[in-house]
Structures are given as structure tokens and as C-alpha cells.
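**Q** Below are the sequence and a predicted model; questions follow.
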Amino acid sequence: MGSPQLAVRSAARVFTAKAFRPVLAQGQSSSLSEAMQALKSDLGLGRRTSNSTVIDAAYELLANSYRNEYVYKNLITSKIFVGRHKAKNSAMLSEFRVGSAVADSFFLNGNATVYEIKTELDNPDKLARQLGEYYRASPLVNVVVHENSLERYERILTGTPVGLIAVGSRWTLSTVKYADECNEHLCVRTMVNTLRVREMQSVLSALGFDLPDVPNGLRYERYLNLALGVPPRTFHDVYRSVLKNRRALTGDIAIHRDPSLFPLRAVLAQLDPSLEEGRKLYSWLSLGD
């Protein structure tokens, strides 16, 4: 059996969309297979141990031995995206850039909500700046912290509209402070800068604008000038609806609710497997050496 530190690093590298994308597309991945064999050694598992068992053991290691951000994100995906927000009618964007900050999870359903994760290894020095950026594109913001850090963040967030959610020792979520909707800081320029060209075109069309026929190099400036004439809240209503389509679930919804795939829920929310891709994943999980 390898060292605990090595096992933790190996486990953290497995739980990514990049690692699993080839499995969904082709039913296998040489790089992920190598990582899984290394994990078997690090975790003291036999070479013929199924990939499903290795994934479960690796996730348990991260949850119990290391305050890894993926575990927080997976918990949010499971309890809030799959549970509270009903995944079929929602979208989740992971690592979503808003201005100079990057939101850990950006949920879109009837509203837009940011979930910012602060593990016990994080410090809150940058939090005020991050929150300021998030409110430019989202009226609801929550900070998710471990219960051991709860008092510290309660003091920081007192008197603000920011919600506070605690992660318990048994990896449960509890709302300590509900987020209040705050629209006064919505910024059209910031929202525009989070959109892709076709998304921006969809927003402007939905707002009733005729898209100007201009060279690519001038398109951004012309689109922005049109958008800046729209009240921020009005722009946000359309922006949220269009952005939701970027990651709206169109695949096999049952796979997101399968309890046996709990460790992979944050990964699967990003990849949204089709029925056929789901079959390839289940087949891969059943494999051993």
C-alpha cells in the first residue's frame, strides 16, 4: 500500500470531467486506466478490483482524509442540483468566470445562484472581492464552509445578503443563513463578458434587437453598446434563460439520480451522459484488471 499522501493526490486527479470524457465517448481511457491501477496500489486493493469499487474507495479517502474541494462540490451537486433544484429543469456551470473571480458552482433555474466553496484549508482574504464580482451576474450568492469554520464566516457575512451553508462532519448540508436576493449590483457589461458570441446574439434577439451586420472585429463593441441600453434586471432575466441552455441536461436523467454513482455526480453534471454514454460508463465501472 502506498503512502496516504500519494493516494490522496492520485484520487483527486481521477474525479475530473477530463478524466471521464473518453470513457463516455469510447468506453475506455488509457490514461484513466493507468491512474486507476496506481490507485489500486495506493489504496491496497487487488489488481482485479472493479473500477466501481476503486472509485468508491477513492472518494471515501478524499472525504475522510482530505478536505478536498471536489467532495464539497459533489455534495452541492447531489443535495442541491439533483435534489433541491431538480436537475432536469436546471443547469450547473462549474468553475464559471465572473469578472476577475471564478465561481465554484453557478446554478441556473428560476434564478441564478452562486455557490462559493471555502474548505478548511482556504482563508477568507479574497472573499469580499469574489462576492462583489458574483453579484454582478447573480442576485443570489451562498458561501459553503465546513462546520469547523462556521463561526468565522458567520462573523464575516453578518449584515450581508450572502447565504451561508455548513457542511457537517457526516457530509450533510445545512443552511445557517439564507441568501437574500440582491439585484442592485447586476452589471450588464460583466454579464456580456461571460457569454459566447451565439449566446450574446440569442440574448439580443430575445430583447428585440436586430443584430447589426458588422465585421467580427467590431461585433463585440456593437453588441455591448446595444446591451448597455437595457436595464440590468431586464437583461439578467434573458441572460439567465440563455445561459441555462449552455449546460441544460439533455442526456439520461436517471444516471444523475443513481445512488451507486454518488461519488461521480459533480463529474456527471458537467458531462451529462446520453443513454449510450451511460451504458459505456456502467460497463467501464464493472471492469477490473
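**A** Perfect, thanks for sending it.

**Q** helix or strand for the residue most central in space within the chain, which one?
**A** For the chain, the residue nearest the mean C-alpha position is S94 (2.9 Å; CA atoms, centre = their mean). Following DSSP states H and E, the helix or strand that holds S94 is strand 91-98.

**Q** and what of A12?
**A** With DSSP H and E as criterion, A12 is part of helix 4-14.

**Q** Buried residues in that helix, which are they?
**A** Residues of helix 4-14 classed as buried by neighbour count (16 or more other CB atoms under 10 Å): A7, V8, S10, A11, A12, R13, V14. C-beta coordinates here come from the backbone N, C-alpha and C atoms, glycine included.

**Q** So the first one sits against N64, correct?
**A** No. Between A7 and N64 there is no contact, the gap being 11.6 Å when judged by CB atoms under 8 Å.

**Q** name the helices or strands packed onto the helix holding A12?
**A** Here helix 4-14 touches helix 30-43, helix 51-65, going by 3 or more CB pairs under 8 Å, 6 or more residues apart in numbering; DSSP states H and E.

**Q** Now do the longest one: everything it contacts.
**A** Defining contact as CB atoms under 8 Å, 6 or more residues apart in numbering, one finds that helix 51-65 is touched by 4, 7-8, 10-12, 14-15, 36, 39-40, 43, 45, 68, 70-71, 74, 171, 260, 262-264, 284-288.

**Q** List the buried residues for that helix?
**A** Buried, per 16+ other CB under 10 Å, within helix 51-65: N51, S52, V54, I55, A57, A58, Y59, L61, L62, A63.

**Q** The fourth one and E69, how far apart?
**A** Right, I55. I55 is 18 Å from E69, where distance means CB to CB, to the nearest Å.

**Q** Show me where the stretch 1-150 of the chain dips below the pLDDT cut-off.
**A** The model of the stretch 1-150 of the chain has pLDDT under 70 over residues 1-4, 66, 83-89.

**Q** picking up where we left off before, export the buried residues of helix 4-14 to JSON lines and tack on distance to S138?
**A** JSON lines is the format used below for the buried residues of helix 4-14 (distance: CB to CB, whole Å):
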{"residue": "A7", "distance to S138": "37"}
{"residue": "V8", "distance to S138": "32"}
{"residue": "S10", "distance to S138": "35"}
{"residue": "A11", "distance to S138": "31"}
{"residue": "A12", "distance to S138": "28"}
{"residue": "R13", "distance to S138": "30"}
{"residue": "V14", "distance to S138": "30"}
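
**Q** Just list whatever residues bridge to F96.
**A** A103 (DSSP bridges).

**Q** looking at it, it is touching V102, isn't it?
**A** Yes. Using CB under 8 Å, F96 is in contact with V102, at 6.9 Å.

**Q** Those two - which one has more neighbours?
**A** In terms of neighbours (other CB atoms under 10 Å), F96 is the more surrounded of F96 and V102; the figures are 22 against 15.

**Q** In contact with that one: list those residues for me.
**A** V102, A103, S105, F106, T194.

**Q** Give me the helices and strands touching the host helix or strand of L131, please.
**A** Assigning secondary structure by DSSP H and E places L131 in helix 127-134. Packing contacts for helix 127-134, counted by 3+ CB pairs under 8 Å, 6+ apart, involve strand 101-108, strand 112-118, strand 140-146.

**Q** which residues touch the first one?
**A** It refers to strand 101-108. In contact with strand 101-108 (CB under 8 Å, 6+ apart) are residues 69, 72-73, 76-77, 80-81, 85, 90-98, 112-117, 129-130, 133-134, 138, 144, 240, 243-244, 247.

**Q** circling back: quick one: which of the buried residues of helix 4-14 is nearest to L186?
**A** Checking those against L186 by CB to CB gives A12 as the nearest, at 35.2 Å.

**Q** The closest residue to that closest one other than its chain neighbours: neighbouring residues, count only.
**A** In space, and not counting its chain neighbours, A12 is closest to N68: 5.8 Å by CB to CB, 6 or more residues apart in numbering. Neighbour count for N68, taken as other CB under 10 Å: 19.

**Q** Kindly report the same for A38.
**A** Around A38 there are 18 residues (other CB under 10 Å).

**Q** residue contacts, it?
**A** So A38 contacts S10 (CB under 8 Å, 6+ apart).
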